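In: this one's structure only:
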């Protein structure tokens with residue numbers, strides 16, 4: 001599984017897209033979701049992208065050979081037009097966020113009609129209840145589990161609680177049982193993160209995940225350049241992720257189980273500290 005882990009990076013700058021693609025990022029991710037997003041996440045320390053279809057066009061031209069994923073808005077009256085426009089720009093994969101009903105995913109897949117791959121973004125409590133039906137849809141290529149909105153929907157205080165309370169494991173088993181690949185959440189650079197990236201990556205391997213989003217910490221080459229600092233070596237950081245995934249991918253079950261126990265301990269400490277601070 002480690003060898004096939006697809007790394008995704010959210011961006012809208014053509015130059016950054018070129019750097020990401022040449023550094024080993026598997027999927028360039030342009031985020032067009034905006035409807036309802038600020039109301040859900042505006043009070044959180046989360047990135048709310050302001051990407052556009054013009055960005056999609058520029059990025060596609062910059063990296064014509066790269067796999068391009070675009071997250072559209074949750075299903076609404078304008079979704080069909082959004083799907084058509086994205087496909088006309090050469091998008092390879094379309095992501096549907098914030099769905100709550102199976103008919104939303106069905107309508108999305110029906111309109112795509114095989115013209116692009118489809119990844120439903122499972123990030124509501126209602127979506128979790130219908131995971132089997134969603135993963136079983138013929139038009140669904142894979143499923144991605146969005147921990148940020150899902151933990152808000154499930155009234156958890158810390159998104160990685162879902163990783164240790166059995167929620168992600170249940171969803172993963174349901175998706176894999178339908179023969180579809182899945183991914184979840186995001187990871188920081190190796191050696192960084194409130195919850196160490198290595199711990200999360202090892203859990204990806206244990207659960208059979210095959211994709212993950214690279215966090216904002218991987219955008220530093222561009223941020224450093226703007227600030228006039230020495231740029232971070234993105235390829236080196238990507239290689240560190242690959243090496244860690246390979247290491248955990250060849251570890252035995254006992255090592256991965258020990259990592260999970262350590263993960264639970266750290267998440268418990270973070271959650272407890274947050275509750276006391278609140």
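Out: In hand now; what should we look at? Predicted model only: the values in this text are computed from it and were never measured.

In: quick one: the strands in the stretch 51-200 of the chain?
Out: Using DSSP state E, counting those that start in this stretch, the strands assigned to the stretch 51-200 of the chain run over residues 67-71, 93-96, 117-122, 143-145, 182-184, 186-187.

In: Columns mean pLDDT on top of those, output as CSV?
Out: Listed next are the strands of the stretch 51-200 of the chain as CSV, based on pLDDT from 0 to 100:
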stretch, mean pLDDT
strand 67-71, 99
strand 93-96, 99
strand 117-122, 99
strand 143-145, 99
strand 182-184, 98
strand 186-187, 95
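
In: Make JSON lines from these and add mean neighbour count and distance to residue 86 to it.
Out: To be clear about C-beta, it is placed using only N, CA and C from the backbone, and glycine gets the same treatment. Below are the strands of the stretch 51-200 of the chain laid out as JSON lines (neighbours: other Cβ atoms under 10 Å; distance: least, Cβ to Cβ, whole Å):
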{"stretch": "strand 67-71", "mean neighbour count": "23", "distance to residue 86": "5"}
{"stretch": "strand 93-96", "mean neighbour count": "24", "distance to residue 86": "6"}
{"stretch": "strand 117-122", "mean neighbour count": "24", "distance to residue 86": "11"}
{"stretch": "strand 143-145", "mean neighbour count": "26", "distance to residue 86": "17"}
{"stretch": "strand 182-184", "mean neighbour count": "25", "distance to residue 86": "20"}
{"stretch": "strand 186-187", "mean neighbour count": "23", "distance to residue 86": "22"}
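
In: Let me have these in JSON lines, adding distance to residue 217 as columns.
Out: Below are those laid out as JSON lines (distance: least, Cβ to Cβ, whole Å):
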{"stretch": "strand 67-71", "distance to residue 217": "20"}
{"stretch": "strand 93-96", "distance to residue 217": "22"}
{"stretch": "strand 117-122", "distance to residue 217": "21"}
{"stretch": "strand 143-145", "distance to residue 217": "20"}
{"stretch": "strand 182-184", "distance to residue 217": "18"}
{"stretch": "strand 186-187", "distance to residue 217": "9"}
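
In: looking at those strands, which is closest to residue 60?
Out: strand 67-71 (5.8 Å; Cβ to Cβ).

In: Report the central residue of this protein.
Out: residue 213 (4.1 Å; Cα atoms, centre = their mean).

In: Going by contacts, tell me the helices and strands next to the helix or strand hosting it.
Out: For residue 213, the host element (DSSP states H and E) is strand 211-214. In terms of contacts (3 or more Cβ pairs under 8 Å, 6 or more residues apart in numbering; DSSP states H and E), strand 211-214 is packed against strand 6-10, strand 182-184, strand 186-187.

In: Figure out how far the shortest one is from the centre of its chain.
Out: Relative to its chain's centre, strand 186-187 lies at 7 Å (Cα atoms, centre = their mean, to the nearest Å).

In: now do the second one
Out: Between the mean C-alpha location of strand 182-184 and the chain-wide mean there is a distance of 7 Å, by Cα atoms, centre = their mean.

In: Thank you kindly, that will do.
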